[in-house]
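Enquirer: got a sequence here, can you model it:
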Amino acid sequence: MLKEIYDAVMSTLERAFGLLAGRRLWLVWGVTVALGLSLFISFPRISFFLGTDSQIVNFWPVLERQAANPLATVGDQYKDHALHDAKLAFRLTLPLTLKVLHIDWRGLLAIQFGLGVLMLFLVGKIAMDLFRDRIVALASVFGVSSIYAGKAAFLQLGGMGDAFAFAFLTVAVAFRHPAVIFPAVIAACFTDERAVIVSPLLVIYWAMRDSDGSRPDWFNLQTITVATAILVAGAIRLVLMFGFGLHIPIGAGNDVGFGVLPINLPNLQYELPHVLAGLWLWPLVACILLVRNRWWFSLLAILGVTGAIVAASFMVLDVDRSLAYTLPLVYVSMAVAAWARLGLKDLRGIAILAFLVSFASPVNSLFGGVSNRYSEGNLMPIEIVRFYKYSNAR
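Expert: The predicted structure follows:
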């Protein structure tokens, strides 16, 4: 009986995706429906704009100070304790965007929303380029829109910047031209340090993407471009450190370093599966394929980079948004599946089941709980009630 229920659910979803896939502007329709469904389940805390909801952290003033003076965090007052301002010392992409475009935080937030929509389109493009199947591409869009990394652009209203990093990393996967890949990787690396840690996954992606079917191509134009961008970002960082005195007080406070492991490790069994939810199916399938084909170096490279970002995530308090930087792992795993030439039935099954599981485990507590002031919304009706409450606050 269970198998019949499973088959019925999967076939129904496949037919639904098939209806969207048959439309003329199929990807536009797919992104629109996926985004609408995502926002209904996890609607942003629009009470933020009232200025009366103290539950939401607002980092826009810090970014605006950085925009006025990118070296604002230089000085002895930032070297001995973990002020949040000091942690942003090398996160220059957002403040420089504010400065260059002569916009305020509202303009940057509008760009963030636009990047969130663009990222979902690019997820569809990546899947379509790899698998040449509209149903797999649409299921992938719906899957990513159901996890935090796909929702961040719409949920993070307080200037955290993760959505920019996710979008830049996705751009560096979606386009082959070095003139696009290089600045995208640089921008991601200077949006958040966690992007630096996961950027080597982009090298693995392009090595798999251009594989001849017998082994990865580690020395193609795209892999060299990504590696060069990472090295250049590191060199710029060293110049800023030793030439201009920028500094991050890692380990100087109580919310970064090994000291927070006892707080975070008990949540490992929840946070790690939850961050990619059903999309963990892609890495699982990729690992099986790599083991079966004895591509040990590729497997170890993927596990090594993933292990690094997971370890870094559990050494900060905001574990959930840190783990979300594993998003490129999904792209790499999809490239492995494309290299292995999995059958269309298998690909559709993985993509649709990944979406279904992700949709069934939303990133937020649906009925109004507050577990993370940076990155969660709730059901749209709940957030409308919250907005009404704070709009009448005195």
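Enquirer: tell me the contacts of Pro362?
Expert: Under the criterion of CB atoms under 8 Å, 6 or more residues apart in numbering, the neighbours of Pro362 are Ile41, Ser42, Ser146. Backbone N, C-alpha and C define where each C-beta goes, glycine included.
Enquirer: tell me the buried residues in the longest helix anywhere in the chain?
Expert: Criterion DSSP state H: the longest helix present in the chain is helix 105-131. Residues 105, 108-109, 111-112, 115-116, 118-131 are the ones in helix 105-131 that count as buried (16 or more other CB atoms under 10 Å).
Enquirer: pLDDT below threshold where in the stretch 1-150 of the chain?
Expert: 54-55, 72-86 (pLDDT under 70).
Enquirer: what segments of it are helices?
Expert: Using DSSP state H, counting those that start in this stretch, the helices of the stretch 1-150 of the chain run over 2-21, 26-41, 60-68, 84-87, 93-101, 105-131, 134-145, 148-155.
Enquirer: do the stretch 251-394 of the chain as well
Expert: Under DSSP H, counting those that start in this stretch, the stretch 251-394 of the chain gives helices at 261-264, 268-276, 281-292, 296-313, 319-323, 327-339, 344-360, 380-391.
Enquirer: switch these over to CSV; also include distance to Leu35, mean pLDDT and mean neighbour count.
Expert: Shown next, in CSV, are the helices of the stretch 251-394 of the chain (distance: least, CB to CB, whole Å; pLDDT from 0 to 100; neighbours: other CB atoms under 10 Å):
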stretch, distance to Leu35, mean pLDDT, mean neighbour count
helix 261-264, 31, 83, 12
helix 268-276, 19, 89, 16
helix 281-292, 21, 96, 17
helix 296-313, 26, 94, 17
helix 319-323, 20, 88, 22
helix 327-339, 17, 96, 26
helix 344-360, 13, 95, 20
helix 380-391, 13, 82, 16
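Enquirer: nearest to Ala187, out of those helices?
Expert: helix 327-339 (14.7 Å; CB to CB).
Enquirer: list the helices and strands that closest one packs on?
Expert: In terms of contacts (3 or more CB pairs under 8 Å, 6 or more residues apart in numbering; DSSP states H and E), helix 327-339 is packed against helix 105-131, helix 134-145, helix 162-174, helix 193-198, helix 200-209, helix 268-276, helix 281-292, helix 296-313.
Enquirer: among the ones you listed, which is nearest Pro328?
Expert: With CB to CB as the criterion, Pro328 lies closest to helix 200-209 of these, at 4.1 Å.
Enquirer: list the contacts of the closest residue to Met10 other than its chain neighbours.
Expert: Spatial nearest neighbour of Met10, chain neighbours left out: Ile352 (5.9 Å); criterion: CB to CB, 6 or more residues apart in numbering. Counting by CB under 8 Å, 6+ apart, Ile352 touches Met10, Leu13, Glu14, Phe17, Ile135, Ala139.
Enquirer: if we use 6 Å, what do you get?
Expert: Met10, Leu13, Ala139 (CB atoms under 6 Å, 6 or more residues apart in numbering).
Enquirer: dump those residues into JSON lines; add distance to Ser199 as well.
Expert: Below are those laid out as JSON lines (distance: CB to CB, whole Å):
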{"residue": "Met10", "distance to Ser199": "35"}
{"residue": "Leu13", "distance to Ser199": "34"}
{"residue": "Ala139", "distance to Ser199": "27"}
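Enquirer: only C-alpha atoms, please: export stretch 341-353 in PDB.
Expert: Taking Å, rounded to 0.1, in the frame of the first residue of the first chain, the C-alpha atoms of stretch 341-353 are listed here in PDB:
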ATOM      1  CA  ARG A 341      24.300   9.800 -17.200                       C
ATOM      2  CA  LEU A 342      21.600   8.700 -14.800                       C
ATOM      3  CA  GLY A 343      18.400   7.800 -16.500                       C
ATOM      4  CA  LEU A 344      15.600  10.400 -16.900                       C
ATOM      5  CA  LYS A 345      13.300   8.500 -14.600                       C
ATOM      6  CA  ASP A 346      15.900   8.400 -11.900                       C
ATOM      7  CA  LEU A 347      16.700  12.100 -12.300                       C
ATOM      8  CA  ARG A 348      13.000  13.100 -12.100                       C
ATOM      9  CA  GLY A 349      12.500  10.900  -9.100                       C
ATOM     10  CA  ILE A 350      15.400  12.400  -7.200                       C
ATOM     11  CA  ALA A 351      14.500  16.000  -8.100                       C
ATOM     12  CA  ILE A 352      10.800  15.600  -7.200                       C
ATOM     13  CA  LEU A 353      11.400  13.700  -4.000                       C
END
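Enquirer: distance from the chain centre to that stretch, please.
Expert: Centroid separation between stretch 341-353 and its chain, computed with CA atoms, centre = their mean, to the nearest Å, is 23 Å.
Enquirer: next, Phe219: phi, psi?
Expert: In terms of degrees, to the nearest 10, the main-chain angles of Phe219 are phi -130, psi 50.
Enquirer: returning to what we had before: what's the closest of the helices of the stretch 251-394 of the chain to Leu231?
Expert: Leu231 sits nearest to helix 296-313 of all these, at 15.9 Å, using CB to CB.
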